[in-house]
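Visitor: Pasting the sequence and the predicted model now:
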Amino acid sequence: AQSVTQLGSHVSVSEGALVLLRCNYSSSVPPYLFWYVQYPNQGLQLLLKYTTGATLVKGINGFEAEFKKSETSFHLTKPSAHMSDAAEYFCAVRFSYGGSQGNLIFGKGTKLSVKP
Amino acid sequence: DGGITQSPKYLFRKEGQNVTLSCEQNLNHDAMYWYRQDPGQGLRLIYYSQIVNDFQKGDIAEGYSVSREKKESFPLTVTSAQKNPTAFYLCASRPLGGNTEAFFGQGTRLTVV
């Protein structure tokens, strides 16, 4: 079955430290890949997306993600965490085939805490 | 400004009552979606629609109903058959075709009292 897995439901980093949030998908054909951020009691906001082309994708707020086909991964990184980065992050995929064609499939989310 | 509007932001319902959550978009998007969010479970798809007067069940449609009479509007009714309706509900839309992302509303938090 098509799925997306986010490793770690909670990640805590110190302000200024590297942020690494992991996302893996299960598919032999690369899907479209997305990272969203959610602040408490709000909707989701797109951080970045990978469709085709360059495998390193830059997004808003200094985040970037690298698509690695051989590892079926799309990990999200930021070189230096800010307090304002504390939020929940969702990886999502959309496959162009199969029963969920066209629909986003979400990971369970990773809550990022940033310590001063 | 274009966007997706969900109302109300907070909603309280007594057990046994139906309640309707509103979702309106002025982005001219063909596809609209309803998701349910529970802590630690991510977003789960309830219903989706890709064209007016047509909609499809998602993964957790039981106890919910929708309509799509207008392109701009996709209301969700939480019926009394939904056994555990307390949750955060998110509406989204996107253009069909291409590699487009979904745009989300601000959500409605439904609490059964």
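Guide: Received the coordinates, thanks. All figures in this text were calculated on a predicted structure; none of them were measured in a lab.

Visitor: before we move on, which element is the spatially most central residue of chain B in?
Guide: By Cα atoms, centre = their mean, chain B has its centre lying nearest to B:Trp34, at 2.9 Å. Using DSSP states H and E, the element containing B:Trp34 is strand B:31-37.

Visitor: I'd like the distance between the residue nearest to the centre of chain B and chain A.
Guide: Distance of B:Trp34 to chain A, computed by Cβ to the nearest Cβ, to the nearest Å: 12 Å. Bear in mind the C-beta positions are built from the backbone N, C-alpha and C, glycine included.

Visitor: Likewise for B:Leu43?
Guide: Using Cβ to the nearest Cβ, B:Leu43 is found at 4 Å from chain A.

Visitor: for that residue, what are its contacts?
Guide: A:44, A:90, A:104, A:106, B:35-37, B:90 (Cβ atoms under 8 Å, 6 or more residues apart in numbering or on different chains).

Visitor: Among the residues you listed, which has the minimum pLDDT value?
Guide: When those are compared by pLDDT, A:Leu104 scores lowest at 87.

Visitor: For the closest residue to that one other than its chain neighbours, give me the pLDDT.
Guide: Computed as Cβ to Cβ, 6 or more residues apart in numbering or on different chains, the closest residue to A:Leu104 that is not its neighbour in sequence is A:Ala92, at 4.7 Å. Here, the pLDDT recorded for A:Ala92 equals 93.

Visitor: And what about A:Ala92, helix, strand or coil?
Guide: strand (DSSP: H, G, I helix; E, B strand; the rest coil).

Visitor: circling back: which one of the contacts of B:Leu43 has the most neighbours?
Guide: When neighbours are counted by other Cβ atoms under 10 Å in any protein chain shown, A:Leu44 leads the contacts of B:Leu43 with 29 neighbours.

Visitor: Return the set of buried residues in stretch A:51-61.
Guide: By 16 or more other Cβ atoms under 10 Å in any protein chain shown, the buried positions in stretch A:51-61 come out as A:51, A:57, A:59.

Visitor: Return the item of the residues you listed having minimum pLDDT.
Guide: Lowest pLDDT of these: A:Thr51, 81.

Visitor: residues contacting that one?
Guide: Listed by Cβ under 8 Å, 6+ apart, the contact set of A:Thr51 reads A:32, B:99.

Visitor: so which of the contacts of B:Leu43 comes closest to A:Pro116?
Guide: Among those, A:Phe90 lies closest to A:Pro116 (Cβ to Cβ), at 25.1 Å.

Visitor: So what does A:Ser84 have for phi and psi?
Guide: According to degrees, to the nearest 10, the main-chain angles of A:Ser84 amount to phi -70, psi -10.
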